[in-house]
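Undergrad: quick one: sequence and predicted model below, then my questions.
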Amino acid sequence: MREIAGREGWRLVTRRWLKFNLVGVIGIVVQLAALGILVSGLRLNYLAATALAVEAAVLHNFLWHERFTWVDRGRVGLGEAMRRLWRFNLSTGAVSIFSNLVLMRLLVGWARLQYLLANLVAIAACSVINFLLSDRFVFRRQP
């Protein structure tokens with residue numbers, strides 16, 4: 001199916017971007033809560049806790065993106081949903097985990113920023129690239 005052009009196309013992208021960010025905000029809460037529990041409650045190292053917290057948010061976000069953000073791209077069976085989850089983890093998940101770990105090491109380990117604040121900075125830094133990966137690779141239109 002051909003992409004919608006012009007003003008209507010921008011409206012669709014804007015609407016999707018807003019949905020993506022709404023899901024992302026809830027995912028931030030999931031990630032920060034997991035990070036806080038893992039670091040302050042369970043005393044895990046902040047880098048190991050960051051990787052686990054990011055994966056918790058990735059799984060949360062995938063479910064909502066599948067059913068809310070990209071719902072117009074068509075319902076898929078379990079097999080295709082699992083392939084999408086795999087692509088989501090390999091693309092946005094990998095970008096998020098790698099970027100979060102690098103930025104957390106720099107911001108917490110080097111700059112001595114508080115770990116939750118540093119994590120918010122890392123999340124924001126990944127947002128645009130994760131939207132593009134999701135839109136063009138994970139939830140791409142089926143031929």
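TA: Yep, that arrived. Numbers count the residues shown, from 1 in each chain.
Undergrad: name the nearest residue to the spatially most central residue of the chain, ignoring sequence neighbours.
TA: What sits nearest the mean C-alpha location of the chain, by Cα atoms, centre = their mean, is V58, with 5.2 Å. Leaving aside its chain neighbours, V58 sits nearest to G93 (4.3 Å; criterion: Cβ to Cβ, 6 or more residues apart in numbering). For glycine as for every other residue, the C-beta is placed from the backbone atoms N, C-alpha and C.
Undergrad: what sits against that neighbour?
TA: Applying Cβ atoms under 8 Å, 6 or more residues apart in numbering, we find G93 in contact with V54, E55, V58.
Undergrad: so which bits of the one helix or strand the last one maps to are buried?
TA: It refers to V58. According to DSSP states H and E, V58 maps onto helix 46-64. Across helix 46-64, burial judged by 16 or more other Cβ atoms under 10 Å covers 46, 49-58, 60-62, 64.
Undergrad: pick out the most distant pair among the residues you listed.
TA: Using Cβ to Cβ, the buried residues of helix 46-64 span at most 26.2 Å, a distance reached by Y46 and W64.
Undergrad: report pLDDT for G6.
TA: Per-residue confidence at G6 stands at 67 (pLDDT).
Undergrad: I meant G109, not that one.
TA: pLDDT at G109 comes out at 93.
Undergrad: the one 5 residues further on now?
TA: According to the per-residue confidence, Q114 scores 94 in pLDDT.
Undergrad: how about the one 10 residues further on?
TA: The predicted local confidence for A124 comes out at a pLDDT of 89.
Undergrad: list the buried ones in the helix or strand hosting it?
TA: According to DSSP H and E, A124 maps onto helix 115-133. By neighbour count on 16+ other Cβ under 10 Å, the buried set for helix 115-133 is Y115, A118, N119, A122, I123, A125, C126, N130, F131, L133.
Undergrad: mind listing what the closest residue to W64 other than its chain neighbours touches?
TA: What sits nearest to W64 in space, not counting adjacent residues and going by Cβ to Cβ, 6+ apart, is V23, at 4.3 Å. Counting by Cβ under 8 Å, 6+ apart, V23 touches N61, W64, H65, F68, T69.
Undergrad: would you reformat those as JSON lines and include pLDDT?
TA: JSON lines is the format used below for the contacts of V23 (pLDDT from 0 to 100):
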{"residue": "N61", "pLDDT": "96"}
{"residue": "W64", "pLDDT": "97"}
{"residue": "H65", "pLDDT": "96"}
{"residue": "F68", "pLDDT": "96"}
{"residue": "T69", "pLDDT": "96"}
